Each structure stands twice: as structure tokens, then as C-alpha cells.
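> A structural model of the following input is requested.
(one chain, ligands or ions: 2)
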Amino acid sequence: MYLKELCKYVFFIMSPGHLHDKIDSCYVFRMSTSRPAFGVNLFRRMQPSGDLEKAWCCFDYVYHVREWLTMACHVYDVSSKATMQAGVLRVIVGLHHPLQHFRGKAITALRKAGIIVDVLGEDTVGDRAQEALEACQYVNIPLLYTATHQLPFSVLKYAMTLDGKIATSTGHSSWVSSKLSRQRVLETRGRSNAVIVGGNTVRRDDPRLTARQENCHSPVRIVMSRGLDLPEEANLWDVSITPTIVMTQRGARNDLQKKLASKGVEIVEFDFLTPRDVMNYCYDCGFLSVLWECGGTLSAPAISAGVIHKVMAFVAPKIIGGVRAPSPVGELGFLEMTQALKLSNVSYEQVGPDLLISGYLYPIPGMQVDAPMWEEAPYVTGSNDEKSVIYFHKTWGFFGAFSTFSPHPVSMENDGKRISWHSVEHYYQAQKFNGVKDRMAEKFAKDIQAADCPEKAAWLGKNFARQHPDLLQPDWQQRRTGIMYEALAKKFSLYPDLRNLLLSTNSRLLVNSSPFDVYWGCGRNGMGLNQLGKLLMKLRAEFEAVEIVKLHKSSIPKYSG
Ligand SMILES: NC(=O)C1=CN([C@@H]2O[C@H](COP(=O)(O)OP(=O)(O)OC[C@H]3O[C@@H](n4cnc5c(N)ncnc54)[C@H](OP(=O)(O)O)[C@@H]3O)[C@@H](O)[C@H]2O)C=CC1
Ligand SMILES: Nc1c(N[C@@H]2O[C@H](COP(=O)(O)O)[C@@H](O)[C@H]2O)[nH]c(=O)[nH]c1=O
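Ligands and ions are numbered 1, 2, ... in the order given. The predicted structure follows:
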């Protein structure tokens, strides 16, 4: 079988342009196992030991495609030499990146290194190639939709009886679908960045909305409630497993807001709460996929607002009746059957005793995504009306290279020695303990340097600092901005594409939209200090000055307070 054959190869499906001869790619592994970690371990085993630490992966997209587990993981900084040494002789490129300017030179680099590279649909055609290509598109659906719609890919999931009810007329709904179906929902949660419910579902069900999978991430839980008439005690207010955000309207029940905030629940206020605003917010947070698990009252305005892309309906062979029993979609205002929304790419699957019907409300974007061009980009990245603002946060976003997590190694001088760092984040975190004459501090810095991904480096740096504030380098709080600036200046000077990207933002405001960071980012409520954005704008001004006076490109700006 062709797919089985292909599982021997690594699918190299994207080639962002800003990495020069590096390969920053999405790889798709195919294997007949249900253990996601297997894919990453497999890849790591393929890496020669010397390059092991260079391959780091993020576990954001894990999808089941037919009987295969298809896993797409981001693998950074794997040079063509490493790929060759790893014994990969042939690379099949499944998809180019949907955004044109992210397409780079990786294919050329691989071919130059003697690796056979076939691009599906270009070098490899025919039915079997088409099947593989569709599988690659499928696995990248959140990325393709996000690039096309500038909103996270949203799935509306519900479980209904054969007579179309999601609960009894009293609101009791546990359970409509079978255990097996609910297990499938838990897996879907584990692949989503956020799960959304409405106020009624919280009041009626007291849900947990966690993924409850071993070693699996749980999505951020979002409650949409205009009136904020929510219970003071609820499972969702326990944020020890994963965060909960309550989205509401300005001024709604300040007393409850304070109580929830004291439990660690985030409160986000909008002037008027709408599904589109919430999705814009999720987009700014860098979310790629969102699961709506609400009832019909909220699903209807979400569908009307055009923010739902896919529907997953579990139909249970049960009849409950009841004229007032709720149905999955409320009022849409349609009068004629001709107005019915028709799903495309519909699939039917039996899950235990239930039937799962899935389909798309908007066509699945193909490879030739009508994505924004370079010059237009700043006008589409922000979700609010301020066209002059550019938001950045996650590395896979349009301006993801502005993130300190972006996979751009930098070499920095320290005590006359040049040391190479996998990313700016690695360098920055390790500097917290730099120069401290203590064996534990030295070990911390080394561990951070060796971290196999920027996320790990950040986690280590923050944890060490929390546990041993006494080991931080003196005046760290005062010095950290300067240290960050030097690393950014180095990074943007080392990579001309990045420098050009920064210059192309002209005089626009750069905002790190990290909802979790009120120092380097703008935080959830936009009131954060946005220091990273400010430093990038300062650096941009320095580059502009260099351009104007036509100085040599070797003149790397120094931080001056
Ligand atoms: N079988 C299944 O798959 C599911 C069943 N259920 C069942 O469905 C019932 C709840 O469904 P339903 O009553 O429709 O509740 P929803 O989950 O759809 O929540 C509706 C609430 O969402 C809030 N909301 C925020 N913004 C908006 C907006 N723009 N438009 C509309 N509502 C908004 C309001 O909360 P507020 O009033 O606080 O302002 C509103 O009352 C329960 O019985 C539950 O058990 C729920 C989910 C799935
Ligand atoms: N009743 C019903 C569902 N209900 C959804 O699941 C939520 C409960 O999640 P948790 O508390 O994490 O188990 C509930 O609030 C509602 O959103 N889902 C289904 O797949 N099948 C069902 O029959």
C-alpha cells in the first residue's frame, strides 16, 4: 500500500524562506501506532547523536488519518547534512508553506546535498500521490485555514439523539453519546488550543473540559458569558491543570470577576461580547485550532458570524423527545430549506453505537492559498481596527520570526569566547545565571544552553530563577533589557531576510501579543509593557539609520539604555 511505503520517508512539507540553508519544516510521519511520542522518538533515533539536540519538535498537530496516525511536528534547524547523516535518502515534500514568503531554499539545499527530493503534485503525480497530498493537506488544516481566514480553525462538536436533541427538556445531557465517542472528543480536545462553552453549559453541566489523556496537553478553557451569572464554585475555576479564561462584557458582575481572578481565572472584558471578537482574540493569542463545545444558543451566532469551519456531530441511536429539549444549533433566521448550510467533504464513521458525521462549512484551503502577500501582511495580522499595529507571538505566525523562540541560532561573545546558542531565548534565559561564581548557577546556564527547544529553555530559566533567586546575576532586572537587545541585534544582523522583514514593517507599531507575558508582551488585557515589541522598534530605527547613512552592514547596533 502506497501510504505504508511512504511511511519509510520523512515528509518535508514546508520550507520557510527566512532560514537560508537551514531547514525549518513540518515533517509528517506516518506509522501504525497510536502513541504520538513514537513519531518524535523515531525522528530522534534517525538523528546522528551530534545533531540530536538540534532537532526539536513541538507537539501541536497530531491527527488521525484513517488507520494511520499522522503526525506533523515542527522540526527546526536540521541541516541538509544532518538529514543526510541520519540516513534519509529521499524526502517527499507534501506541501509548501501556505504563505508564499515562507517558502525557501530548503529543497535546493537538500538536492545539493544529494538527497532525492520529490514534491507531491509536482515531481510525483498520479492517484497515489494525490491521496498522499490530500492527507498532507488534511493534517495541516488548522494552519491552512488560519493562513487563509486569519482566524483559528474552529470545530463545532456536539452529541445529539436521533431526534436531534442535545439534552432533555430539563437540560440533563450526561450522556447522549457513548463512552467511545466521548473518548474521541477527549482526543480532539488534546489537539485543540482552546475549548469554548457558553454560560448555560457551565451552569447546567459544571464541565471540566480537560483532555484527560496521558502525557497530553489540555486546551485552554474559554467561557463566554455576557451576564456573568456563573457559579462561584465550578470545576472550570480549578486552573491547576490548564488555564480558564472567562470572556465577558465590560462591567459585568465585578464582585464575581474579583472572586474568579483570585482563583487564577483570567477575565477578559469586551464592550460587546461576540463570537468573532473571541476568535480574533484567540488568533492574537496564536491559537491555531479551537473546539466549540457549547449548546445551540451560542453555536448559532458563532455559525452566523462565519467563525465555525467544521462540524463534528455524534448521533446516538436514542430518542428522548421533548418539544423544549434543546437542539445543537439555535436560531439562524432561515425560512426556506434552500437556505440550509451544506457541508462539504462529509465523512461518516461508526464510533461504538454512534455515528460520527463530520464535514466542512467552508472549503478546505488548498495549497495555493490566497494568502496575504508580503506588503499586505501588516494590514491583516492585527485583529482590531488599528491597521498600523503588527501583532506577533507564535513562531508559526506571519511575523513569527520576531519571537525570541524562532529557530535562529546566534553566536554571542562572552569573556572573549564565542558561544553558539540555538535561539535568542536560550541565550537570554542562560544569561540570568551568567558570571555568577557558583557551581549550581553554572550548571543552570549549561542546562539551559543544552535545552532541546526554546520552550524548554524558557521553562528551565524561569524555574531555576523562581527556585534560586539568590543565584541570579546581580542587577538582573535592570540588565535584562540590554541583554535581550544585544541578542536581538545579533540575530537580525546575522539573518538579512529577518532584517528586511523588520525594515518592511516601516513605522508600524510592533506588539508582542503574548497573553501570558506582561513584561515582554502586552498581556491578556493589552496593558503589558510590550518590551520585546519596543526593542524591535528601536532596532528597526537603528537599521533605518544605518540604511540612510549607508554604513557597512557589519555595524551591529549596541544597546544604549
Ligand atoms: N450534547 C451535547 O453535545 C451538549 C449538550 N449541552 C447541553 O446544552 C444545554 C446548554 O445549551 P445552551 O442553553 O444552548 O447554552 P450555551 O452553551 O450555548 O450557552 C449560552 C450562553 O452563552 C453565553 N453567550 C455569550 N455570548 C453569547 C452570544 N453572543 N450569543 C449567545 N450567547 C452568548 C450566554 O451566557 P450568559 O447567559 O452567562 O450571558 C448564553 O446564555 C445544557 O443542557 C447542556 O447540558 C451543551 C453542550 C454540548
Ligand atoms: N453531553 C455530552 C457532551 N457534552 C459536552 O461535554 C461537556 C462535559 O465535559 P467533561 O466535564 O470534560 O466531561 C459538557 O459540558 C458539554 O460541553 N459531549 C459529548 O461528547 N457527549 C455527550 O453526551
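> buried sites along stretch 531-550?
Under the neighbour-count criterion of 16 or more other C-beta atoms under 10 Å, stretch 531-550 has 531-540, 542-543, 546 buried. C-beta: built from backbone N, CA, C; applies to glycine.
> same deal with stretch 317-331?
318, 320, 325-329.
> one step back: which of the buried residues of stretch 531-550 fall in strands?
Taking DSSP state E as the definition of strands, the buried residues of stretch 531-550 contribute nothing to them.
> from the residues you listed, which two are the most distant?
Distance extremes for these: the farthest pair is Gln531 and Val546 at 22.5 Å, using C-beta to C-beta.
> interface residues of this structure facing ligand 2?
Residues of the chain lying close to ligand 2 by C-beta under 6 Å from any ligand atom are 159, 173-177, 181-182, 185, 197, 201, 205, 207-210, 293, 314.
> One more pass at 5 Å, please.
Contact residues of the chain with respect to ligand 2, defined by C-beta under 5 Å from any ligand atom, are listed as 159, 173, 175-177, 182, 185, 201, 205, 207-209, 293.
> Tabulate those (a markdown table), appending secondary structure, pLDDT and neighbour count.
Conversion of the residues of the chain next to ligand 2 to a markdown table gives the following (DSSP: H, G, I helix; E, B strand; the rest coil; pLDDT from 0 to 100; neighbours: other C-beta atoms under 10 Å):
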| residue | secondary structure | pLDDT | neighbour count |
| --- | --- | --- | --- |
| Ala159 | strand | 98 | 24 |
| Ser173 | coil | 97 | 22 |
| Trp175 | coil | 97 | 12 |
| Val176 | coil | 98 | 22 |
| Ser177 | coil | 98 | 27 |
| Arg182 | helix | 98 | 18 |
| Val185 | helix | 96 | 22 |
| Thr201 | helix | 98 | 24 |
| Asp205 | helix | 97 | 19 |
| Pro207 | coil | 98 | 17 |
| Arg208 | coil | 97 | 15 |
| Leu209 | coil | 97 | 28 |
| Glu293 | coil | 98 | 24 |
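> tell me, which of those make contact with ligand 1?
The subset of the residues of the chain next to ligand 2 within reach of ligand 1, by C-beta under 5 Å from any ligand atom, is 159, 173, 176, 201, 205.
> Surely the fourth one touches Gly295?
Same thing as Thr201. Yes - applying C-beta atoms under 8 Å as the test, Thr201 and Gly295 come out as touching, 5.6 Å apart.
> Please, where are all the strands along the stretch 301-450 of the chain?
With DSSP state E, counting those that start in this stretch applied, the stretch 301-450 of the chain shows strands at 310-316, 344-351, 354-360, 389-392, 410-414, 417-421, listed in chain order.
> An error on my part: the question was meant for the stretch 51-200 of the chain.
Along the stretch 51-200 of the chain, the stretches classed as strands by DSSP E, counting those that start in this stretch are 61-65, 68-75, 90-93, 116-119, 153-161, 194-198.
> how about the CA coordinates for the fourth one, as CSV?
The reference is to strand 116-119. Extracted C-alpha coordinates of strand 116-119, given in CSV (Å, rounded to 0.1, in the frame of the first residue of the first chain):
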residue,chain,number,x,y,z
ILE,A,116,16.3,12.9,-3.7
VAL,A,117,13.5,15.4,-3.2
ASP,A,118,10.1,14.9,-4.8
VAL,A,119,7.3,17.4,-4.4
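> Spell out which parts of the chain neighbour ligand 1.
Where the chain comes near ligand 1, counting by C-beta under 5 Å from any ligand atom, the residues are 158-159, 166-167, 171, 173, 176, 198-201, 204-205, 224-227, 273, 294-298, 301.
> now those residues: which count as buried?
For the residues of the chain next to ligand 1, a neighbour count by 16+ other C-beta under 10 Å gives the buried set as 158-159, 166-167, 171, 173, 176, 198-201, 204-205, 224-225, 273, 294-296, 298, 301.
> what are the bridge partners for the residue of the stretch 301-450 of the chain found nearest ligand 2, then?
Distances from the stretch 301-450 of the chain to ligand 2, computed as C-beta to the nearest ligand atom, single out Phe314 as the nearest residue at 5.9 Å. Listed by DSSP bridges, the beta-bridge partners for Phe314 are Ala159, Leu356.
> Surely it touches Leu356?
Yes - the pair Phe314 and Leu356 passes the contact test of C-beta under 8 Å, sitting 5.5 Å apart.
> Residues that sit against both of the two, list them.
181, 184 (C-beta atoms under 8 Å, 6 or more residues apart in numbering).
> Turn the strands of the stretch 301-450 of the chain into a markdown table, columns for mean pLDDT and mean neighbour count.
As requested, the strands of the stretch 301-450 of the chain are arranged in a markdown table below (pLDDT from 0 to 100; neighbours: other C-beta atoms under 10 Å):
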| stretch | mean pLDDT | mean neighbour count |
| --- | --- | --- |
| strand 310-316 | 98 | 22 |
| strand 344-351 | 94 | 12 |
| strand 354-360 | 96 | 18 |
| strand 389-392 | 88 | 24 |
| strand 410-414 | 91 | 15 |
| strand 417-421 | 92 | 13 |
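> Can you report how many residues neighbour the closest residue to Tyr391 other than its chain neighbours?
Nearest-residue entry for Tyr391: Ser513, 4.2 Å, with adjacent residues in sequence omitted and distances by C-beta to C-beta, 6 or more residues apart in numbering. If you count neighbours by other C-beta atoms under 10 Å, Ser513 ends up with 28.
> repeat for Val518
The burial metric for Val518, expressed as a neighbour count using other C-beta under 10 Å, is 16.
> That one touches Leu532, doesn't it?
No - the pair Val518 / Leu532 is not scored as a contact, 11.7 Å apart, by C-beta under 8 Å.
> and whichever strand or helix holds Leu260, average pLDDT?
In this structure, Leu260 is located in helix 254-262 according to DSSP states H and E. The average pLDDT within helix 254-262 is 95.
> Return the set of buried residues in it.
The neighbour-count check on helix 254-262 (16+ other C-beta under 10 Å) flags 256-257, 260 as buried.
> quick one: strands adjacent to the following helix or strand past it?
With elements assigned by DSSP H and E, the helix or strand that comes after helix 254-262 is strand 266-270. Using DSSP bridges, the neighbouring strands of strand 266-270 in the sheet come out as strand 244-249 (parallel).
> which residues sit against the strand it pairs with?
When contacts are defined by C-beta under 8 Å, 6+ apart, strand 244-249 is touched by residues 220-226, 228, 230, 236-237, 257, 260, 265-273, 278, 281, 524.
> Could you rerun that using 7 Å?
Applying C-beta atoms under 7 Å, 6 or more residues apart in numbering, the set of residues contacting strand 244-249 from outside is 220-226, 228, 236-237, 260, 265-270, 272-273, 278.
> before we move on, what about stretch 335-345?
Outside stretch 335-345, the residues that reach it (C-beta under 7 Å, 6+ apart) are 311, 334, 359-361, 363-364.
> Next up, phi/psi of the closest residue to Leu529 other than its chain neighbours, please.
Counting by C-beta to C-beta, 6+ apart, Tyr519 is the residue found nearest to Leu529 once chain neighbours are left out, at 5.4 Å. As for Tyr519, its main-chain torsions (degrees, to the nearest 10) stand at phi -100, psi -60.
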